[in-house]
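Compute the structure for the input listed below.
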Amino acid sequence: MSTENTTTSTGLDEQRLARWLDAQGLPGGGGDLVVTALQGGSQNQLYELRAGETRLVLRAAPGHASPERAERMLREYQLVRALAGTDVPHARVHAASTETDIAGQPFYVMDHVEGWSPMQGGWAAPFDTDTNARAGLATQLVDGIARLSKVDWRAAGLEGFGRPEGFHDRQVDRWLSFLDKYAFRELPGLQVTADWLRAHRPRAYTPGILHGDYQFANVMYAHGAPARLAAIVDWEMATIGDPLLDLGWALIAWGPEGDDMTHARYLDYTGMPSRDDLLEHYATVSGRGVEDIDYYVILARFKLGIVLEQSVARAAATGGDPKVARFDGIVLELIRKAAELTRSTTLK
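As a prediction, this is how the structure comes out:
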């Protein structure tokens, strides 16, 4: 390995990286570092770092990221580091850097997780054909956030990580203000949903760690049956808020109420347990009440629709982007179904 600083085809300065790893006491500084760019559902930069039998992963914000986006990456590192010693499945983190001379952005290094993601081609064997085994994937999905909701975030050093006070009071106006920056079309059902959410926000809740984008796309499973959650990933939207929003997010397109959602379902739900069974499991593990779950499903659909609309608006302004073309239908479906649920829910 040459001693010159050189940025390779991976986009990393692997010489600087090797020296940095050595300084952190991590494998890879002895001349045997092999770096491979990874592909996945994330919009961030991911690289496998292999040194002998050791496999690590480097995670960095995309090269074009704003300072705010890069800061979220370091917040993510802080959050995952705080999970050490808990029973929440996650990839252990080792070290982070604010320097930009290695990856072009701040980054951190974590353990490589042995497992599979539903975004790597759908359900892996045997879950692709064994629908009885597949049911466990949903139970494990919900189990992960139930365990997360129980973490003592203050004891974990996350005081000041978020603003739990007034969390629900801020949601509607915050996200409508976000939408105002790029709104370019009417979203049928948006105002109905916003008005309902303002009128039905919880009067009290118990704050906890909120992943903020919790779904099958952001977890990894261990290989083989029975289903076992290997790690929750992509924590950059995490904060201290109402953990029940993660449950609403996971159930955004769940049946039977969500059975007609064709855009927001990117996986085959055949064989999945009922919503009531998942709610019961969450309540048992977390100790939290789930009687107001419709509020959280509606808020999750409202928020996700607005977030994805930003990509739709950007594509419309720049002549289209094939990667986000499908978001157009998802946004309209999410907002429509949020409004429909406000009319059919029994919440008073």
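
From L247, how far out is A135?
Using CB to CB, to the nearest Å, A135 is found at 17 Å from L247. The C-beta positions use only the backbone N, C-alpha and C, and glycine is treated the same way.

just the helices in the protein please.
Assigned by DSSP state H, the chain shows helices spanning 14-23, 67-82, 131-149, 167-180, 190-200, 244-250, 275-286, 293-318, 327-344.

hang on, the earlier thing: more neighbours: which of A135 and L247?
A direct count of neighbours by other CB atoms under 10 Å for A135 and L247 places L247 higher, at 26 against 20.

I figured the more buried one was touching Y295, is that so?
No - assessed by CB atoms under 8 Å, L247 is found out of contact with Y295, at 10.9 Å.

What's the local residue count around T100?
Every residue meeting other CB under 10 Å relative to T100 is counted, giving 14.

wait, what's in contact with it?
P106 (CB atoms under 8 Å, 6 or more residues apart in numbering).

and the gap between it and L83?
Separation of T100 from L83 (CB to CB) stands at 26 Å.

before we move on, what about G160?
17 Å.

Among those two, which residue is more densely surrounded?
Remark: of G160 and L83, L83 carries more neighbours, 23 against 8, as counted by other CB under 10 Å.

Now for that one: which residues touch it?
Taking CB under 8 Å, 6+ apart as the test, what L83 contacts is 90, 151, 156.

cool, and G289?
A283.

Let me know the pLDDT of it.
Looking at G289, its pLDDT is 97.

distance of it from R326?
Distance from G289 to R326, by CB to CB: 35 Å.

How many residues are close by R147?
18.

do A194 as well
A194 has 21 nearby residues by other CB under 10 Å.

how many other residues sit next to the closest residue in space to it that isn't next to it in sequence?
Leaving out its chain neighbours, the residue that sits closest to A194 by CB to CB, 6 or more residues apart in numbering is V172, at 5.1 Å. V172: 19 surrounding residues under other CB under 10 Å.

quick one: V172 and L197 touch, right?
Yes - contact status for V172 versus L197: in contact at 5.1 Å, counting by CB under 8 Å.

Now list whatever residues contact both of these two.
Joint contacts of V172 and L197 (CB under 8 Å, 6+ apart) are F302.

ok, S97 to H200 distance?
For S97, the distance to H200 equals 44 Å [CB to CB].

Give me the more crowded residue out of the two.
S97 (22 against 17).

For the more buried one, report the pLDDT, please.
pLDDT recorded at S97 is 95.

And the nearest residue to L229 once chain neighbours are set aside, how far from L158?
Closest residue to L229 apart from its sequence neighbours, by CB to CB, 6+ apart: Q140 at 4.2 Å. According to CB to CB, Q140 stands 24 Å off from L158.

again with M119
28 Å.

Repeat that for L299.
Counting by CB to CB - L299 and L158 are separated by 22 Å.

neighbour count winner among these two?
L299 (25 against 20).

who touches the more buried one in this structure?
Here L299 is in contact with 171, 197, 245, 248 (CB under 8 Å, 6+ apart).

Nearest to M110 among the residues you listed?
M110 has its nearest neighbour among the contacts of L299 in L245, at 24.9 Å by CB to CB.

Tally up the residues packed near the closest one, please.
For L245, using other CB under 10 Å, the count is 24.

Over to Q171?
20.

If you drop the residues flanking it in sequence, what lies closest to it?
L299 (6.3 Å).

Next: A82.
In space, A82 is closest to A156, 4.0 Å off (CB to CB, 6+ apart).

thought V57 was touching L46?
Yes - between V57 and L46 there is a contact at 6.3 Å, judged by CB under 8 Å.

between these two, what contacts are shared?
Contacts common to V57 and L46, judged by CB under 8 Å, 6+ apart, are L38.

Counting neighbours, go ahead and name the busier of these two.
Shown here are V57 and L46; by other CB under 10 Å, V57 has more neighbours (18 against 15).

now that one: how far from D111?
Distance of V57 to D111, given as CB to CB: 7 Å.

okay, and the common contacts of these two?
Shared contacts of V57 and D111, defined by CB under 8 Å, 6+ apart, are found at A91.

Tell me where the model's unsure across the chain.
Counting by pLDDT under 70, the chain contains low-confidence residues at 1-9, 40-42, 320-321, 348.

spatially speaking, which residue is in the middle of it?
In the chain, the centroid-proximal residue (CA atoms, centre = their mean) is D213; its distance is 3.7 Å.

is it true that that residue touches M237?
Yes - using CB under 8 Å, D213 is in contact with M237, at 4.7 Å.

Pull out the buried positions in stretch 162-172.
162, 164, 167-168, 171-172 (16 or more other CB atoms under 10 Å).

For T193, state which of these is nearest.
Using CB to CB, these come closest to T193 at V172, 8.7 Å.

can you tell me how far that closest one sits from L334?
Taken as CB to CB, the span from V172 to L334 is 15 Å.

Then L244?
From L244 over to L334 (counting by CB to CB), the distance is 18 Å.

So for the two, which residue has more residues nearby?
L334 (29 against 26).
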